[in-house]
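Peer 1: predicted model and sequence follow; I will ask about them next.
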Amino acid sequence: MAMNRIMLVCALLLAGKVSGQKPAARYSITGYLKNLDSQTVYLIPHSELNTPNLQVRRIDSCVARAGRFSMEGILGEPNYFAIGIKGQTRTQLKFFILDNTPVSIVGHADSLERASILGSPSFRDELILHQSIEMYLKAQKNLEPAMLHAVHNGDATNSFVLNKRYQDLHNGILDIKSTFIGFNPKSFVSLFTLLEILPDLPKERAKSLFNRLDYSLQTHSVGKYIHDQVIDQMALLRQFAPNLVLTDKKEKPVTLLARKGNVLLIDFWASWCDHCQREHARLKTLYKQYKGKGLEIVSISVDEDRGAWKKALQKANLPWTQLSDRVGNRNVVGTQYGNNSIPMNLLIDKEGFVIRKGLHGAELEKQLALVFSNP
């Protein structure tokens, strides 16, 4: 309900590879479903939820009598599960977090996915989170027909505006979910929500949210998976920026890290990129704010046409070093960082190591404030 189920299942499958689960939680499930009699009810683990039918491994099952059913047993650890009815498809499953809290499921067998879960703090938390983002989700859904219409009609301008609005809504949902995690550090919903939004979060933000989680959630298998993504791997991913020699607009050689000892922001752009022009307006403000504290900016053009680049430079009036990322018929710097789109930037520390890649807007402002608050 509160999460994209397909994305969540994929993430849970990855997290399930983590070993060391602690057999601790005892589950107890009772239920009453209208229009249900003499049918088998299954309890299915998350690792089986992407199977197209219910011919999968089950944790438990029972036969309902006059709409009533019950199951109990031992869990490896609290996790996402689903209740299903024999003969129904996976779209009719009821998803919920099962822990050692007894729960009751009440609803109708023909609309199991809309059944209520009683007695579960996790279900209450999911409901609160869903209600918080429901307006954003509806707004996104309302935008989708117009977005498709713009694409089919080749209306690039309207398509850009609509996609920007859709992304703003997505970012709003991300902020609400992040806030929920921060205020509910002991909730299993926070743990699984962090897993769901992990690909969309900057590493530092994900790390901060993970550190707020209760220790019992950090040591859960999903918590350990998240830990490996945002904590352990950060040191392994530390990348040293290559000190290459590029040419400026007068075709004079310039060493990329000539001013080592300062914080360096490398900005990849092109003369034909409208987004880059807006990005440069923001960078001018940040440059003015942090230049005196040791911020250097180097803009690197990926233009194939040096004439177009030089003409754009006259209009842009950028008060920092301008270089070209072209040697013969190829780019030499951007490709080392998977630079497949622009604008893109790299923030490099005083020692020449890459701090972050692809920071823009508010996230770049926050990162620079953090860097210069810890000289």
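Peer 2: Looks like it arrived, so ask away. Numbers count the residues shown, from 1 in each chain.
Peer 1: could you count how many residues lie near Q167?
Peer 2: As a burial measure, the neighbour count of Q167 was computed by other C-beta atoms under 10 Å and equals 11. Where you see a C-beta, it was placed from the backbone N, CA and C, and this is true even at glycine.
Peer 1: so it is in which element?
Peer 2: Of the helices and strands defined by DSSP states H and E, Q167 is found in helix 156-183.
Peer 1: tell me what that helix is packed against?
Peer 2: If you count contacts as 3 or more C-beta pairs under 8 Å, 6 or more residues apart in numbering; DSSP states H and E, helix 156-183 packs onto helix 121-152, helix 188-197, helix 203-212.
Peer 1: now mean neighbour count, distance to Q229 and mean pLDDT too, for those helices, in a markdown table please.
Peer 2: Written out in a markdown table, the entries for these read as follows (neighbours: other C-beta atoms under 10 Å; distance: least, C-beta to C-beta, whole Å; pLDDT from 0 to 100):
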| stretch | mean neighbour count | distance to Q229 | mean pLDDT |
| --- | --- | --- | --- |
| helix 121-152 | 15 | 22 | 90 |
| helix 188-197 | 24 | 9 | 92 |
| helix 203-212 | 17 | 7 | 87 |
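Peer 1: now render the ones you listed as CSV, adding distance to L346.
Peer 2: Formatted as CSV, these follow (distance: least, C-beta to C-beta, whole Å):
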stretch, distance to L346
helix 121-152, 31
helix 188-197, 24
helix 203-212, 14
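Peer 1: for those, which one sits closest to Q92?
Peer 2: Between Q92 and the helices and strands packed on helix 156-183, the shortest gap by C-beta to C-beta is with helix 121-152, which sits at 18.0 Å.
Peer 1: and the closest one with helix 156-183, angle?
Peer 2: Angle of helix 121-152 versus helix 156-183, following axes from the mean of the first three to the mean of the last three C-alpha atoms, to 10 degrees, is 170 degrees.
Peer 1: packing partners of helix 121-152?
Peer 2: Secondary-structure packing of helix 121-152 (3+ C-beta pairs under 8 Å, 6+ apart): strand 94-98, helix 156-183, helix 188-197.
Peer 1: could you pull out the buried residues of the second one?
Peer 2: In other words, helix 156-183. Within helix 156-183, the residues that count as buried by 16 or more other C-beta atoms under 10 Å are S159, L162, Y166, L169, I173, L174, K177, S178, F180, I181.
Peer 1: distance to I117 and pLDDT added to the residues you listed, as a markdown table?
Peer 2: Below are these laid out as a markdown table (distance: C-beta to C-beta, whole Å; pLDDT from 0 to 100):
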| residue | distance to I117 | pLDDT |
| --- | --- | --- |
| S159 | 40 | 81 |
| L162 | 36 | 87 |
| Y166 | 31 | 89 |
| L169 | 28 | 93 |
| I173 | 23 | 94 |
| L174 | 25 | 94 |
| K177 | 20 | 96 |
| S178 | 24 | 94 |
| F180 | 18 | 96 |
| I181 | 21 | 95 |
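Peer 1: closest one to L346 out of the residues you listed, please.
Peer 2: Where those are concerned, and distances follow C-beta to C-beta, L346 has its nearest neighbour in L174, at 23.1 Å.
Peer 1: distance of H220 from T247?
Peer 2: As judged by C-beta to C-beta, to the nearest Å, H220 and T247 stand 53 Å apart.
Peer 1: so for those two, which sits in the more crowded spot?
Peer 2: Legend: neighbour count by other C-beta under 10 Å for H220 and T247, higher for H220 (23 against 15).
Peer 1: ok so, going back, any chance of the helices and strands packed on helix 121-152 in TSV, plus distance to L318?
Peer 2: Conversion of these to TSV gives the following (distance: least, C-beta to C-beta, whole Å):
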stretch	distance to L318
strand 94-98	51
helix 156-183	24
helix 188-197	35
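Peer 1: closest to L368 out of these?
Peer 2: With C-beta to C-beta as the yardstick, what comes closest out of those is helix 156-183 (19.5 Å).
Peer 1: can you get me a residue count around L201?
Peer 2: Counted with other C-beta under 10 Å, residues neighbouring L201 total 20.
Peer 1: compute the first-to-last residue distance for stretch 256-274.
Peer 2: Between the start and the finish of stretch 256-274 there is a gap of 25 Å, counting by C-alpha to C-alpha, to the nearest Å.
Peer 1: ok now it, how far from the chain's centre?
Peer 2: Taking C-alpha atoms, centre = their mean, to the nearest Å, the mean C-alpha location of stretch 256-274 is offset from the chain mean by 26 Å.
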